[in-house]
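Asker: just need the structure, nothing else, for what follows:
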Amino acid sequence: MIAFLIKRLFHALLVMFVISVIAFAIQDNLGDPIQQMVGQSVPESEREALREELGLNDPFAVQYLRFAANAVQFDFGYSYVFNEPTTDVILRHLPATLELVAASTFLIIALSIPIGVYSAIKPRAWLSRFFMGVSIIGISIPVFLTAIVLIQLFAIGVSWSPFPADTGWGAWLNDLLTTDGGMPAYGRGDPVPVFGTWETNFASLEGLTYLVLPAISLASIMLPLFIRLIRAEMLEVLQSDYVKFARAKGISPRRIYFLHALKNTMLPVITVGGVQIGTLVAYTILTETVFQWPGMGLMFLDAIERSDIPLIVTYLMIVGLIFVITNTLVDLIYGLVNPTVKLTGKPA
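Answerer: Numbering: from 1, shown residues only. Here you go, the predicted structure:
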C-alpha cells in the first residue's frame with residue numbers, strides 16, 4: 001500500500017507538471033490580460049509599465065519557474081480580474097461545482113444500477129428495449145441541448161393540444177402533454193452557509209429544487225453509458241459457470257442476481273465508472289453556463305473571456321488534481337472490493 005501511494009504521488013506530480021507546462025504554453029493565445037485590466041483609453045506607456053510590473057515581459061522559462069516555486073506553497077498568484085489570490089476565487093466557486101457533481105452522481109448510481117440489472121435479467125422485455133433505445137438517444141444528445149429542453153419543459157412550460165379538447169380522452173392526452181413550468185433554472189437561489197465561503201443547497205428544500213434541473217442535465221451525459229455498461233457486464237456474469245452452479249443448487253434468483261452476480265458486475269464498472277465520474281467536473285462547464293450555476297465551470301469561461309491567465313492555470317491544475325485523486329480512490333476501492341487484486345502489481 002505504501003509503495004502504491006508513493007507511486008501515485010510521483011504520477012500526480014508528473015501530471016501537475018505537464019498540465020502547468022501546457023497551460024503556460026497556451027497563455028499567449030488567450031489574449032492580452034493588460035487590455036482587459038485597463039481598457040483602451042490607457043496610454044501604451046502605462047500598459048507597458050504594468051506588463052513589466054506583472055512580469056509578463058519575462059521569458060517563458062522565467063515566468064514558469066517563478067510560478068512553480070510559488071505553486072509548491074499552493075500559491076498560484078493573483079487573479080487579474082478579481083485582484084485576489086486565485087485559490088480564494090477557486091474555493092469560492094468550488095462548492096457549487098462539487099454539489100452539482102455529487103447530485104448528478106447520486107442520480108447516475110440510483111438509476112443506472114436497477115435499470116442495467118433489469119435489462120440484463122430480462123433482455124427481451126419491452127421495458128428493457130425501451131431503456132436501451134432511450135440510452136442510445138441519451139448518448140447522442142449533447143448536454144446543452146438536454147439542458148435547454150429541460151428548461152423549456154419544466155421552467156418555462158409547454159402548452160400543446162394536438163388532440164380534440166371536446167372529448168374526454170383528448171383533453172386527458174392534452175393535459176398529459178402540457179407542463180406548467182415554474183421550476184428554478186437560474187443560479188443557486190439562497191444556499192445555506194456552512195462555514196467560511198462554503199454554502200450548500202442540500203440543507204433546504206428550496207436549494208434542492210435549484211439543483212434538480214442542472215443535476216439531471218449533467219447526469220444525462222453518463223447515465224446512458226452506465227446503464228449499458230452495467231447491462232453488458234451483468235449479461236456476461238450471468239453466463240458464467242458459478243452462476244449456473246448456483247442456479248442448479250436451487251439458490252433463489254434474487255440472491256443470485258443481487259448478491260453474487262451484481263458484486264462481480266460492479267468490478268469493471270468501478271474502474272470505468274469512477275474515472276468517468278471524475279470527468280463530470282469538466283462537463284460542468286456547459287451545464288453551469290446554461291443554468292448560470294455559479295461554479296468553477298462558469299468561472300473558467302469568464303476567466304478565458306477576460307484573459308485572466310493565473311485563474312485559468314489554477315483552474316486547470318485543480319481539475320487535474322481532482323482527476324488524480326479520483327483515479328487513486330478508484331484503485332483503492334477496487335482493491336477493497338476485489339481482495340485478489342494487489343495494488344503493487346504483484347500477483348495475489
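
Asker: low pLDDT regions in the stretch 51-200 of the chain?
Answerer: For the stretch 51-200 of the chain, no stretch has pLDDT under 70.

Asker: ok, now with 80
Answerer: Across the stretch 51-200 of the chain, residues meeting the criterion (pLDDT under 80) sit at 51, 53-57, 60, 159-166, 168-178, 181, 196-197.

Asker: list the contacts for residue 139?
Answerer: If you count contacts by Cβ atoms under 8 Å, 6 or more residues apart in numbering, residue 139 has them with 224-225. The C-beta positions use only the backbone N, C-alpha and C, and glycine is treated the same way.

Asker: if we go to 6 Å?
Answerer: With contact taken as Cβ atoms under 6 Å, 6 or more residues apart in numbering, residue 139 is in contact with residue 224.

Asker: how about the one helix or strand it maps to: buried residues?
Answerer: Residue 139 is part of helix 126-140, with elements assigned from DSSP states H and E. The neighbour-count check on helix 126-140 (16 or more other Cβ atoms under 10 Å) flags 128, 131-132, 135, 138 as buried.

Asker: residue nearest the centroid of this structure?
Answerer: Nearest to the geometric centre of the chain sits residue 280, at 1.6 Å (Cα atoms, centre = their mean).

Asker: grab the nearest non-local neighbour of that residue.
Answerer: Using Cβ to Cβ, 6 or more residues apart in numbering and skipping residues adjacent in sequence, the residue nearest residue 280 is residue 101, 4.8 Å away.

Asker: from the chain's centroid, how far away is the one helix or strand the one you found maps to?
Answerer: Using DSSP H and E, residue 101 sits in helix 86-121. Distance of helix 86-121 from the chain centroid (Cα atoms, centre = their mean, to the nearest Å) equals 7 Å.

Asker: hang on, the earlier thing: from the middle of its chain, how far away would the helix holding residue 139 be?
Answerer: That offset, for helix 126-140, works out to 22 Å (Cα atoms, centre = their mean).

Asker: just want the angle from that helix to helix 86-121.
Answerer: With axes from the mean of the first three to the mean of the last three Cα atoms, to 10 degrees defining the directions, helix 126-140 sits at 150 degrees from helix 86-121.

Asker: tell me the buried residues in the very next helix or strand once past helix 126-140?
Answerer: Sequence-wise, the next helix or strand downstream of helix 126-140 (DSSP H and E) is helix 143-150. Residues 143, 146-147, 150 are the ones in helix 143-150 that count as buried (16+ other Cβ under 10 Å).

Asker: which residues in the stretch 151-300 of the chain form strands?
Answerer: 192-195, 198-200 (DSSP state E, counting those that start in this stretch).

Asker: strand partners (parallel or antiparallel) of the shortest one?
Answerer: Taking DSSP bridges as the criterion, strand 198-200 sits next to strand 192-195 (antiparallel) in its sheet.

Asker: quick one, what contacts residue 316?
Answerer: 19, 23.

Asker: got phi/psi on it?
Answerer: Residue 316 adopts backbone torsions of phi -60, psi -40, taken as degrees, to the nearest 10.

Asker: with residue 190 instead?
Answerer: Note on residue 190: backbone dihedrals following degrees, to the nearest 10 are phi -120, psi 80.

Asker: quick check: the gap between the closest residue to it other than its chain neighbours and residue 100.
Answerer: Spatial nearest neighbour of residue 190, excluding adjacent residues (Cβ to Cβ, 6+ apart): residue 206 at 7.0 Å. Between residue 206 and residue 100 the computed distance is 16 Å (Cβ to Cβ, to the nearest Å).

Asker: of the two, which one has the most company?
Answerer: residue 100 (29 against 13; other Cβ atoms under 10 Å).

Asker: so who does that one touch?
Answerer: By Cβ under 6 Å, 6+ apart, the neighbours of residue 100 are 214, 284.

Asker: go again using 10 Å as the cut-off
Answerer: 188, 201, 211, 214-215, 217-219, 280-281, 283-284, 287-288, 291, 293, 295-297 (Cβ atoms under 10 Å, 6 or more residues apart in numbering).

Asker: the helices in the stretch 201-348 of the chain, which residues?
Answerer: Ranges of helices within the stretch 201-348 of the chain are 205-238, 241-248, 253-255, 262-291, 296-305, 309-337, based on DSSP state H, counting those that start in this stretch.
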